[in-house]
Every structure is written in C-alpha cells, then in structure tokens.
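In: My questions are about this predicted structure, shown below with the sequence.
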Amino acid sequence: MFDKKTKPAEGLFGKMNRIAEGTQLNGDLVSDSDVRIDGTLIGNITLKGKLVIGPNGYVEGNVKCQNIDVEGKFLGKLEAIELLNIKSKSNIKGEVIVGKLGVEPGASFTATCSMKGSIKNINEKNESKQQEKTA
C-alpha cells in the first residue's frame, strides 16, 4: 500500500569513539566517525571525520583525517584535509600537511608544514595566467 523508500544512511554525525585516559592502544585505527583520544595510541589513524587529541592524549604514527584538534602530544606524519587546530598546551613534532592551520600562542610546533589549499590556489592562478597569454 505504502511504498517504503529506504532513507539514505544518516551518517555517523554526532557519533564519537573515545580512547579514555589510562588506555594504551598499539595498532591501526580506521573509522568513519569522529575519534577522541585522551589515552595513548601508537599506530596509524585513518578517519573520515574529526580527530581530537585531548590534553592528556598522546599519538605516535601517521594520521589522515578531515579535521583535527590537538591539545596533547603528537609525533609523526599528520594530514588534515581541512583544518588543523593546535591548542596552546599542545606539542607537535613531525611532518604536517593541512588545508588550513590555526595555532594558539604557547603551542609547541616543531614540524615541516605544507598547506594543500595554498598550493591549489597558486596552481589555479598560474593556469589562468597561462590561458590569458595563449588567448
């Protein structure tokens, strides 16, 4: 009688995985939702959502995610497709690739940093200049 259409998955908006303080995880973490780390994670992290490293959190390894807030410590390679927000008491060492970067005063940031967004914009400007020259 009624045609029930299946709704698309609402996604995992608002869902948060958490590694609590006092917990140590050795290995890789893959998730479609957000993750907060208040303990220790040694390994690689791949997320479709946001990563939060809490004030007592420690992450060592390679991280790739949409957005990340760092209040604790990070050592390794970090790729934030959109935004890396570094809080005042954080400590980051390694290699960082971001779309946008926010750093609060007092943060320790000892890393090489590449910004993807600016590279894209520069390439677009160069391409448009070349097109103007050939026209």
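Out: Perfect, I can see it now.
In: only C-alpha atoms for contact and neighbour calcs from this point on.
Out: Noted.
In: can you tell me how far the nearest residue to Met16 once chain neighbours are set aside sits from Lys116?
Out: With sequence-adjacent residues excluded and distances taken as C-alpha to C-alpha, 6 or more residues apart in numbering, Met16 is closest to Asp34, at 4.8 Å. Noted for Asp34: a distance of 22 Å to Lys116, by C-alpha to C-alpha, to the nearest Å.
In: Just want to know which of these two has more residues nearby.
Out: When neighbours are counted by other C-alpha atoms under 10 Å, Asp34 and Lys116 differ, and Asp34 comes out ahead with 22 against 16.
In: my read: the more buried one touches Lys50, true?
Out: Yes - Asp34 is in contact with Lys50 according to C-alpha atoms under 8 Å; the separation is 4.7 Å.
In: and Val98, what pLDDT?
Out: pLDDT, Val98: 95.
In: Tell me how many other residues surround it.
Out: 23.
In: can you check Asn56 too?
Out: Neighbours of Asn56 (other C-alpha under 10 Å): 16.
In: tell me the SS of it?
Out: coil (DSSP: H, G, I helix; E, B strand; the rest coil).
In: distance of it from Gln24?
Out: 12 Å.
In: Can you pull the residues that touch both of those two?
Out: Gly39 (C-alpha atoms under 8 Å, 6 or more residues apart in numbering).
In: Quick check: bridge partners of Asn62?
Out: Lys77 (DSSP bridges).
In: thinking it is in contact with Leu78, fair?
Out: Yes - between Asn62 and Leu78 there is a contact under C-alpha under 8 Å: 5.8 Å.
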